[in-house]
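[1] quick one, fold the following:
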Amino acid sequence: MTNLIRFDPLTEFARLDPFRTFDELFYMPRLPAAYRPVAMPAEFSIKMDLSEDDKAFYVKADIPGVKKEDIKVSIEGNQVSISAEVSKTAEEKKGETVLRSERYYGSCARSFALGQEVDDSKSEAKYVNGVLMLMLPKKGGSAVRQVAVN
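    Now for the predicted structure:
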């Protein structure tokens, strides 16, 4: 069972209470999401897709605006970590003033665990047009063994 409350923006103003304190007169109820200004994301994040077949895991990670030299991928067992550093080159404009800059500068990282260990010696990584593509072959070795119940 859900409890839905219908939002009415004039409810606070329609309810007149002569005993409200002076501070409450200036309190504005929080605006609904449709009326709030759109904000930029707080920080840069790596978006990714993960798929697998019987031989390997495949990762596509969106890391736009980063040089391939600034991306680091590390594999330890079934744990994969991707980190990237975003840096700004200095821009100097004569006669112009920057009024607003909405670019992110810093570093970001993403780690995840896979269902099976990865053979890091055969792993491949490509970075093309802001997309990092990883091919992580599964380590063969530990086969599933059935145990008879007595």
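[2] how about the helices in the chain?
    Per DSSP state H, the chain carries helices over the ranges 11-14, 22-25.
[3] what's the spacing between the closest residue to residue 82 other than its chain neighbours and residue 83?
    Using Cβ to Cβ, 6 or more residues apart in numbering and skipping residues adjacent in sequence, the residue nearest residue 82 is residue 110, 5.0 Å away. In short, each C-beta sits where N, CA and C put it, glycine included. The spacing between residue 110 and residue 83, counted by Cβ to Cβ, to the nearest Å, is 8 Å.
[4] any residues in contact with both of these two?
    Counting by Cβ atoms under 8 Å, 6 or more residues apart in numbering, residue 110 and residue 83 have no shared contacts at all.
[5] tell me the bridge partners for residue 138.
    Residue 138 has the following beta-bridge partners by DSSP bridges: residue 118.
[6] tell me the spacing between it and residue 118.
    The value you get for residue 138 to residue 118, if Cβ to Cβ is used, is 7 Å.
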